[in-house]
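Colleague: give me a 3D structure for the following:
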Amino acid sequence: NKKTGAEAGAGGRRSLIVYEEIGLFEDMLNAWGSDEAVVRIDGVQFAPRIGIGTSGNIETIKAAQKVFTHPKEYNCLEFPSEDGESTQCFFLPAYIVDKRFKDANGNTDLEKAIKYYDDELAEKLKTNDSTIINNYKMNYPTKVDHMWVSATGDLLPVKEAELREKQLLRNNLYEALGKPIELFWNPD
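Modeller: This next block holds a predicted model:
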């Protein structure tokens, strides 16, 4: 328990480090930085570090999100993101690991699994209760964006706004818009 526990592995060497429930690990970046030396000898990484978990409240998952969405900076394997314009760490949607949809050889019946999770989410969306919807998305993420939702909600759809910003900045598309607008907050 060195300091807050984030440096617990410092000074040793490990052949594997697993961060369980990474989305609830608020001090993840300090642990990741400290553990870099734990899996290296003479500057060469000899062991993997793996972060697993379903997701986490937006209040606790920010550190894991940073590693997940910036794999190169954190020396992680990179995979194309859903938007195809950036990279991310490896993501397994909930339907891939659900044993109810696996055959005797461990292969997932994707059609049935995806339909099940789509139907479940559709039922949650009927409630119009953001807490129910977001808790479902966080605990059964089928898309990367489901991991970054907030149990407390946002004023704007943050991920959609970020995606639109990327689209507008590409080739200065914002300059070709007919009418720029300004948003403001009115508490009434």
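
Colleague: residues making contact with the lengthiest helix in the chain?
Modeller: Criterion DSSP state H: the longest helix present in the chain is helix 110-125. For helix 110-125, the surrounding residues in contact (CB atoms under 8 Å, 6 or more residues apart in numbering) are 93-96, 98, 100-101, 132-133, 136-137, 140, 142. Placement of C-beta: from N, CA and C, glycine included.

Colleague: now a ChimeraX select for only the buried ones of the residues you listed.
Modeller: Per 16 or more other CB atoms under 10 Å, the buried members of the contacts of helix 110-125 correspond to this ChimeraX selection:
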select :93,94,95,98,101,133,136,137,140,142
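
Colleague: tell me the one of the contacts of helix 110-125 nearest residue 165?
Modeller: Relative to residue 165, the closest of those is residue 137; by CB to CB it sits at 21.9 Å.

Colleague: ok, the closest one - contacts?
Modeller: Residue 137 makes contact with 55, 121, 146, 149, according to CB under 8 Å, 6+ apart.

Colleague: give the contact list for the third one.
Modeller: Residues counted as contacts of residue 146 (CB under 8 Å, 6+ apart) are 55, 137, 138, 140.

Colleague: also residue 101?
Modeller: 95, 108, 109, 110, 112, 113, 116.

Colleague: can you put the contacts of residue 137 in JSON lines and add distance to residue 38, secondary structure and pLDDT?
Modeller: Listed next are those as JSON lines, based on distance: CB to CB, whole Å; DSSP: H, G, I helix; E, B strand; the rest coil; pLDDT from 0 to 100:
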{"residue": "55", "distance to residue 38": "26", "secondary structure": "coil", "pLDDT": "70"}
{"residue": "121", "distance to residue 38": "39", "secondary structure": "helix", "pLDDT": "94"}
{"residue": "146", "distance to residue 38": "31", "secondary structure": "helix", "pLDDT": "85"}
{"residue": "149", "distance to residue 38": "32", "secondary structure": "coil", "pLDDT": "78"}
